[in-house]
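*Asks:* Please find the sequence and the predicted model below.
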Amino acid sequence: MSEFSGLCPDTASTETRALQVISGNAQVEAGLYELVELYCDDPICDCRRVILLVRSTTAAERPLAHIHFGWESVAFYTRWLSGNATLAREMRGASLEEYAEQGPGATELLTRICGAVLNDPGYVARLQRHYLQFKSALRRGPSSYRLRDVRKRREPGGRRR
């Protein structure tokens, strides 16, 4: 899994979602929480899911939760998993990512994010669009996502390449 911003920095800089918690509690403090999108970086995999890495904008060095979200139907995931309906049901919808670090307020953050963010059809459509954009950049290869850096280089004498 890799950050969306690594391959699509321009889009990520304007379309990364955040959750504003107005009324905090013992598990989740009031504040702004960034939802960093992580997508599968295998160019041929078509898992159609995202992991939302949740971190506080004031203490961004430590993830507070990793939330898995699969937007496709159970039927899609069953086909994709060669008939494993049990695992397909786990892939559909939102849950805490089983093998990732979770902070003490992860369950509360999952509840709040499901209620305020993942129930928004516009946001889910944005995640789907970001997934396709990320996969497209992977398939084009390194030159497609390093182009931005290449253009900034200057030739001797000050001219841009």
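*Replies:* Okay, I see it.

*Asks:* Now for the residue nearest the centre of the chain: which residues touch it?
*Replies:* Taking Cα atoms, centre = their mean, the centroid of the chain lies closest to residue 37, which sits 1.6 Å from it. Applying Cβ atoms under 8 Å, 6 or more residues apart in numbering to residue 37 gives the contacts 3, 4, 5, 12, 16, 50, 51, 52, 53, 127, 130. The way it works is simple: take the backbone N, C-alpha and C, and place the C-beta from them, glycine included.

*Asks:* Show me the beta-bridge partners of it.
*Replies:* Counting by DSSP bridges, residue 37 is bridged to residue 52.

*Asks:* re the thing from before, select only the buried ones of the contacts of residue 37 in PyMOL?
*Replies:* Only the buried entries of those go into this PyMOL selection, using 16 or more other Cβ atoms under 10 Å:
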select buried, resi 3+4+5+12+16+50+51+52+53+127+130
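
*Asks:* Using TSV, please lay out the contacts of residue 37 together with pLDDT.
*Replies:* Output for these, formatted as TSV (pLDDT from 0 to 100):
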residue	pLDDT
3	95
4	95
5	93
12	94
16	92
50	97
51	96
52	97
53	96
127	97
130	97
